[in-house]
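K.L.:
Based on what follows, work out the 3D shape:
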Amino acid sequence: MPVPSIPLFPSGPGPVIIDNTTNHTGQVYLSDLSLTGEYVKIINGGSTPVPMTGWKLSNSAGQSIEFIDFPTGDGTFYTFTLMPHSTVTVYSAKEGTPTSLSLYWPEELWNDAGDTAYLYNPQGDLVSSITR
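P.N.:
Predicted coordinates:
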């Protein structure tokens with residue numbers, strides 16, 4: 001049974017092989033993963049803004065969080081957009097005020113003993129991974 005994804009608001013598998021690999025294709029990719037710091041960094045290396053609605057971060061256990069169009073309460077929605085040549089750090093197990101450089105998810109996501117972060121585009125294609 002698939003694990004449902006949990007939306008990302010602006011607010012066990014087999015053995016894990018620990019290495020420091022980073023794999024990516026395209027202009028949006030993962031550049032860093034801190035297991036104990038509970039964060040992952042996503043870079044837009046391209047020259048155009050990328051609306052992140054529908055993008056998904058997952059761990060080796062299949063837990064995931066998805067970027068959504070966040071309802072603001074006044075009938076409008078906020079869409080997080082990753083600007084050209086910029087990085088956003090997504091912190092898990094932490095709360096804070098979202099900015100264009102930092103987003104927060106209150107639940108722990110990364111296994112401190114070793115994990116892989118996977119980044120999927122809105123079409124469900126794996127575009128980047130990083131293992132620690």
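
K.L.:
Okay, the closest residue to Phe70 other than its chain neighbours and Tyr29: tell me how far apart.
P.N.:
Of all residues not flanking Phe70 in the chain, Tyr78 sits nearest, at 4.6 Å (C-beta to C-beta, 6 or more residues apart in numbering). Bear in mind the C-beta positions are built from the backbone N, C-alpha and C, glycine included. Per C-beta to C-beta, to the nearest Å, Tyr78 is found 24 Å from Tyr29.

K.L.:
who touches the residue sitting nearest the centre point of the chain in this structure?
P.N.:
Central residue check for the chain by C-alpha atoms, centre = their mean: the C-alpha nearest the mean position is that of Leu57, 3.9 Å away. For Leu57, the set of contacting residues under the criterion of C-beta atoms under 8 Å, 6 or more residues apart in numbering consists of 8, 40, 64-66, 90, 109, 117-120.

K.L.:
can I get those in JSON lines with distance to Ser100 and secondary structure?
P.N.:
Converted to JSON lines, the contacts of Leu57 look like this (distance: C-beta to C-beta, whole Å; DSSP: H, G, I helix; E, B strand; the rest coil):
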{"residue": "Leu8", "distance to Ser100": "15", "secondary structure": "strand"}
{"residue": "Val40", "distance to Ser100": "16", "secondary structure": "strand"}
{"residue": "Ser64", "distance to Ser100": "23", "secondary structure": "strand"}
{"residue": "Ile65", "distance to Ser100": "18", "secondary structure": "strand"}
{"residue": "Glu66", "distance to Ser100": "19", "secondary structure": "strand"}
{"residue": "Val90", "distance to Ser100": "13", "secondary structure": "strand"}
{"residue": "Leu109", "distance to Ser100": "21", "secondary structure": "coil"}
{"residue": "Ala117", "distance to Ser100": "21", "secondary structure": "strand"}
{"residue": "Tyr118", "distance to Ser100": "23", "secondary structure": "strand"}
{"residue": "Leu119", "distance to Ser100": "18", "secondary structure": "strand"}
{"residue": "Tyr120", "distance to Ser100": "22", "secondary structure": "strand"}
